[in-house]
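J.: Just to be clear, the model below is a prediction. Sequence and coordinates:
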Amino acid sequence: MLLFQIFRCPWFLISVLVPCFCSLQPGFSKLQRGHRLDRKLIQSFTEVSFLDCVIECLVTPRCKSVNYYKGANYCEINYENKTTAETRYMDSAGWVYSEKEHWPQELAGACSNSTCEINQTCKHKRYSADKFYECVLSDCGIPDQNGIDLNTTRREDAIGLHRGIHASCADGYFQSGSGRLICQSNGEWKFDIVCEGEYANLICEEVIYL
């Protein structure tokens, strides 16, 4: 009986581990080494493993891809991927790029079936008698103020809570303010930029002269 138990245990482990390992293969086989998606950040994290980085993307509905720098265990989750932001996909030594859709949703655990909204992330709850997860605010969304141009965002800029981005006004608009946007803890942007259209300014000038 003891001999049977000894030999039965490895088969049990194999039956559990092999399907999990195999399910990870599409993600690992489609990694884009030496590439990253630039200036489309939701949030960044330090001292995390690559799989933790992927899981953070899986539990964040807005996330579409990740950048990872192995040497520093540094993770970036993005709100775009190389298809939707083709011009921001570039060579970058030391980085690894991966897309959310290449990984099994089961990696998210209890969050794999979450109902979190687009600007939330799913967090696992421990020792809970009801739900095993909760939805918490993750970002302020993509700024949509009239006339704003996000092409001037910097590499470290992000739309996540307590982060900020730099913006300018599009051609044909007059800018006032520094161009700095801060994502507040309530999920709303604090704008220090106003973009006024040329037509609106012409009307103001006519009123002044009258």
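T.: Right, received. Where do you want to start? Keep in mind that this is a model prediction, so the values were computed, not measured. Numbering: from 1, shown residues only.
J.: Can I get stretch 180-189 in CSV? Just the C-alpha atoms.
T.: Extracted in CSV, the C-alpha atoms of stretch 180-189 (Å, rounded to 0.1, in the frame of the first residue of the first chain):
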residue,chain,number,x,y,z
ARG,A,180,0.4,68.7,-16.7
LEU,A,181,-2.4,66.3,-15.9
ILE,A,182,-2.6,64.5,-12.6
CYS,A,183,-4.7,61.4,-12.0
GLN,A,184,-6.3,61.8,-8.6
SER,A,185,-7.3,59.1,-6.2
ASN,A,186,-11.0,59.5,-7.1
GLY,A,187,-10.3,58.5,-10.7
GLU,A,188,-10.7,62.0,-12.1
TRP,A,189,-8.1,64.1,-13.9
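J.: what about it, distance to the chain center?
T.: Put simply, stretch 180-189 sits 16 Å off its chain's centre (Cα atoms, centre = their mean, to the nearest Å).
J.: what comes into contact with it?
T.: Here stretch 180-189 makes contact (Cβ atoms under 8 Å, 6 or more residues apart in numbering) with 119, 137, 139-141, 143, 158-167, 190-193. Heads up, the C-betas are built off the backbone N, CA and C, glycines and all.
J.: redo that, cut-off 7 Å
T.: 119, 137, 139-140, 143, 159-167, 190-193 (Cβ atoms under 7 Å, 6 or more residues apart in numbering).
J.: What's the ChimeraX line that selects buried ones from the residues you listed?
T.: Buried residues among the contacts of stretch 180-189 (16 or more other Cβ atoms under 10 Å), as a ChimeraX selection:
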select :119,137,139,140,143,159,160,161,163,164,165,167,191,193
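J.: contacting residues for Ile142?
T.: Ile159.
J.: hmm, 6 Å instead?
T.: Residues in contact with Ile142 (Cβ atoms under 6 Å, 6 or more residues apart in numbering): none are found.
J.: sorry, back to before: the contacts of stretch 180-189 in strands, which ones?
T.: 137, 164-166, 190-193 (DSSP state E).
J.: Take those residues and lay them out in a markdown table including distance to Leu150 and pLDDT.
T.: Below are the ones in strands among the contacts of stretch 180-189 laid out as a markdown table (distance: Cβ to Cβ, whole Å; pLDDT from 0 to 100):
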| residue | distance to Leu150 | pLDDT |
| --- | --- | --- |
| Leu137 | 21 | 98 |
| Gly164 | 13 | 97 |
| Ile165 | 7 | 97 |
| His166 | 9 | 96 |
| Lys190 | 16 | 96 |
| Phe191 | 13 | 93 |
| Asp192 | 15 | 93 |
| Ile193 | 11 | 94 |
